[in-house]
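Chemist: predicted model follows, preceded by the sequence.
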Amino acid sequence: MKNYRLLCLIILNVFYGYSQQSKLNSADKKYDGYAYIDAIKTYERVADKGYKSEDLFKKLGNSYYFNSEFESAAKWYGELFAINTSPEAEYYYRYAQSLRSTGQTDKANKIMNEFNAKYKNDSRGKLYKEDVNYLDEIKANSGRYKIEDAGINSKYSDYGSFVYNNKIYFASARDTGNFSQRRHKWTGEYYTNIYSANIDPQNSTAVKPDKFKTALNTKFHESTPVFTKDGNTVYFTRNNYIDGKKGKDDNKITLIKLYKATLENGKWTKITALPFTSDNYSTAHPALSPDEKTLYFASDMPGSIGQSDIYKVSINSDGNFGTPQNLGKPINTEGKETFPYVTSENEIYFASDGHPGLGGLDVFVGQFDENGTVSDIQNLGNDINSPKDDFAYIIDPVSRQGYFSSNKDGGMGSDDIYKFLETKRLKCLQELYGVITDSENGVVLPGSKVTLYENQKIKNSTVSNTAGQYSFTVECGKTYSVRAEKPDYATKEVDITIAKTNGKTNLPIALDKSVCKVAVGDDLGKCFGIKMIYFDLDKSNIRTEAALDLEKILDVLNQNPTMKLDIRSHTDSRASHQYNEALSDRRAKSTISWLIQNGVAKNRLTGKGYGETQLVNQCSDGVNCTEEEHQMNRRSEFIITAL
């Protein structure tokens, strides 16, 4: 019946709270033993003084971007691009998004064009449509099914199955011996009616098909029934015929419509055409969403992209319907899209001759995005599909058993129904997992919010368990971003590309504290990740990058006027002991001098060079060590001596 069925940083405020206990002395002394450093505010004050560094601008841009403060994010990303015209891909995208969010569309488009040209493999840029050899994709998607005759076929057309209450319902043009049968002029076959058959639970084979003896069947076409879970409502396709009257379009042709019927006292009654149907276009092949709040169907109604498109319409709580919406591209093409079927896994299966296939109608699957559009459309492979018409695919997402219809060679009639077992999922899936920890001490961080993004869209979200662990199910070969957040820590986002085979991917994430709590005896430099103030080789003059770090120390001293520091400079064990001690001492004094020249009182600073006398590892004279091990000993410390 071919003519009939086709149709990271979080900005935190400085906390200055005092204990409310009545005994003031002990409470005040306890509070006075700490200082709370707002690192981001310090970075911004340093940047406002004219200091420039990629790391500085990235942190500032990210801090505002993650908090949706796009105007400030655009400012600092702009500074980043001013000193580096080719940063990592993420910064192109975030800068463009920030610009677009503040109305700077032309500039955002310019950044995106640069992004598209430079990062051709980044899907977010939609740089270009790959010229994929679709036959290779179809081959790769094949070999995943065990397929058999469903056991209910005749020499006529049998198609469009639906399973409900251990029965299969389908359309058939078979000869039932009724002398009043009428043949359709287009096909020479009898008009289709709805049939049903019991399903053998042992092997899922349908047996003893029989005509559905209800008012749903008429002397014209009926097909593709869909029942609600309670069994009291059915949606189905029928020729434009009701109450003994046949409707026609402007060309005097009777098209097809969607109908609804209600089960009352064991009989199907109140058969009515759905309110959005028309004499002048076709609507057919209904499918219900798992929550039964949305009806999907095929139609060539005005506004369709192609010969027939897939639409959806909301079913309101009072039983009325909303306005049909075209699912749009990329699912709909200039060809035919029809026979939708929606699963609880957020997938939509459909038949199409507009997407690349093997010929005629092929069955495809797409994934619903959060906004309701369909993406990641794939051909199911040559087990299901053939050079003929393959359509009306339904599947139980748990058992992976189902049925589809086809007029492929080797069948009994013009269309036949096949049963299948999917033995291998089309999607290659992996477990993406990891542990959220404190970057300084490695302590696990339970209760961290972990969000999975794909192309800057949220795919999933979770909270780390008591062991700091998280996990997501992800698709092979895709690139994701994982963002970890926890109060008092800087938000961190890490990109990961999943391997193209099944398995697991480990992605641990270590978070930096964003509010740095320090006490007397602590190293202030650790608040800003300052491990060493860098000097030119064998010299003690302050370099530009050293001044940038010292500006951070200066800002904290200005914000905490009673704070005092002991500045200590250390070297590794290479060169002589005497040379190292003298060089480190000159560098400590140079650091102190710079701070004094920039307004810090002399009596707040002490310092000394320790050379190689306080090594943090075994790398003393004569010990063979790596460069990384020597680097651990080359360090600068800013020890707090008073608060």
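Modeler: Great, that's in hand.

Chemist: how about the helices in the stretch 51-200 of the chain?
Modeler: Per DSSP state H, counting those that start in this stretch, the stretch 51-200 of the chain carries helices over the ranges 54-65, 70-83, 89-101, 105-118, 134-140.

Chemist: who's in contact with the third one?
Modeler: The reference is to helix 89-101. Identification of contacts with helix 89-101 by CB atoms under 8 Å, 6 or more residues apart in numbering yields 58, 61-62, 65, 70-71, 73-74, 77-78, 80-81, 105, 107-109, 111-112, 114-115, 118-119, 122, 124-125, 456, 481, 493, 495. The C-beta positions use only the backbone N, C-alpha and C, and glycine is treated the same way.

Chemist: and for the second one?
Modeler: Taking CB under 8 Å, 6+ apart as the criterion, the residues outside helix 70-83 that touch it are 47, 52-54, 57-58, 60-62, 64-65, 87, 91, 94-95, 97-99, 101-102, 104.

Chemist: repeat that for the shortest one.
Modeler: Counting by CB under 8 Å, 6+ apart, the neighbours of helix 134-140 from elsewhere in the structure are 356-358, 378-379, 381-382, 385.

Chemist: how far away is residue 506 from residue 174?
Modeler: Residue 506 sits 57 Å away from residue 174, going by CB to CB, to the nearest Å.

Chemist: between these two, which one's more packed in?
Modeler: residue 174 (20 against 10; other CB atoms under 10 Å).

Chemist: so what's the more buried one up against?
Modeler: Neighbours of residue 174 in contact, by CB under 8 Å, 6+ apart: 154-156, 158, 190, 195.

Chemist: buried ones among these?
Modeler: In terms of neighbour count (16 or more other CB atoms under 10 Å), the buried residues within the contacts of residue 174 are 154, 156, 158, 190, 195.

Chemist: my guess is residue 479 contacts residue 495, does it?
Modeler: Yes: using CB atoms under 8 Å, residue 479 is in contact with residue 495, at 6.4 Å.

Chemist: comparing those two, which residue is more hemmed in?
Modeler: For residue 479 versus residue 495, neighbours defined as other CB under 10 Å are more numerous around residue 479 (17 against 13).

Chemist: re the thing from before, between the contacts of helix 134-140, which sits nearest residue 168?
Modeler: Of all the contacts of helix 134-140, residue 385 has the smallest distance to residue 168: 21.6 Å, by CB to CB.

Chemist: can you count the residues close to that closest one?
Modeler: Neighbour number of residue 385 under other CB under 10 Å is 28.

Chemist: from the contacts of residue 174, which is closest to residue 279?
Modeler: Closest to residue 279 out of the contacts of residue 174 is residue 190 (24.3 Å), distances taken as CB to CB.

Chemist: hang on, the earlier thing: from the contacts of helix 134-140, which ones fall inside helices?
Modeler: Judged by DSSP state H, the subset of those located in helices is empty.

Chemist: out of those residues, which are buried?
Modeler: Buried among the contacts of helix 134-140 (16+ other CB under 10 Å): 357-358, 378-379, 381-382, 385.

Chemist: buried ones in stretch 519-536, by neighbour count?
Modeler: Buried, per 16+ other CB under 10 Å, within stretch 519-536: 522-525, 527-528, 530-533, 535.

Chemist: okay, those in TSV with secondary structure next?
Modeler: Formatted as TSV, the buried residues of stretch 519-536 follow (DSSP: H, G, I helix; E, B strand; the rest coil):
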residue	secondary structure
522	coil
523	strand
524	helix
525	helix
527	helix
528	helix
530	coil
531	coil
532	coil
533	coil
535	strand
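
Chemist: dump these into CSV; add pLDDT and distance to residue 227 as well.
Modeler: Output for the buried residues of stretch 519-536, formatted as CSV (pLDDT from 0 to 100; distance: CB to CB, whole Å):
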residue, pLDDT, distance to residue 227
522, 92, 69
523, 90, 71
524, 91, 71
525, 88, 70
527, 85, 65
528, 84, 65
530, 84, 69
531, 79, 68
532, 81, 72
533, 79, 75
535, 67, 80
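
Chemist: contacts for stretch 350-363, please.
Modeler: Under CB under 8 Å, 6+ apart, the answer for stretch 350-363 is 6, 134, 138, 306, 310, 331-341, 349, 364-366, 377, 379-380, 382, 384-393, 404.

Chemist: wouldn't residue 594 be in contact with residue 550 here?
Modeler: Yes: under the criterion of CB under 8 Å, residue 594 makes contact with residue 550 at 5.7 Å.

Chemist: mind listing the helices for this structure?
Modeler: Along the chain, counting by DSSP H, helices occupy 2-5, 24-32, 39-48, 54-65, 70-83, 89-101, 105-118, 134-140, 544-559, 577-597, 627-633.

Chemist: list the contacts of residue 628.
Modeler: Not one residue lies near residue 628 by CB under 8 Å, 6+ apart.

Chemist: and it, what pLDDT?
Modeler: What the model reports for residue 628 is a pLDDT of 82.

Chemist: next one: the one 3 residues further on
Modeler: Each residue has a pLDDT score; the one for residue 631 is 74.

Chemist: cool, residue 338 as well?
Modeler: The predicted structure lists residue 338 with a pLDDT of 95.

Chemist: in space, what's closest to it - neighbours in sequence excluded?
Modeler: Computed as CB to CB, 6 or more residues apart in numbering, the closest residue to residue 338 that is not its neighbour in sequence is residue 298, at 4.0 Å.

Chemist: what about that neighbour, how many neighbours?
Modeler: 32.

Chemist: that one touches residue 285, doesn't it?
Modeler: Yes: assessed by CB under 8 Å, residue 298 is found in contact with residue 285 at 4.9 Å.

Chemist: where are the low-confidence patches of the protein?
Modeler: Applying pLDDT under 70 to the chain flags the ranges 1-37, 65-68, 97, 101, 121-135, 175-189, 359-360, 535-540.

Chemist: domain ranges for it?
Modeler: The chain breaks down by automatic domain parsing into domains covering 46-125, 136-422, 429-511, 522-642.

Chemist: of these, which is nearest residue 39?
Modeler: Closest among these, using CB to CB: domain 522-642, at 6.1 Å.

Chemist: start to end distance for that closest one?
Modeler: In domain 522-642, first residue to last residue: 10 Å (CA to CA, to the nearest Å).

Chemist: try stretch 393-412
Modeler: From its first residue to its last, stretch 393-412 covers 19 Å (CA to CA).

Chemist: ditto for stretch 419-439
Modeler: 54 Å.
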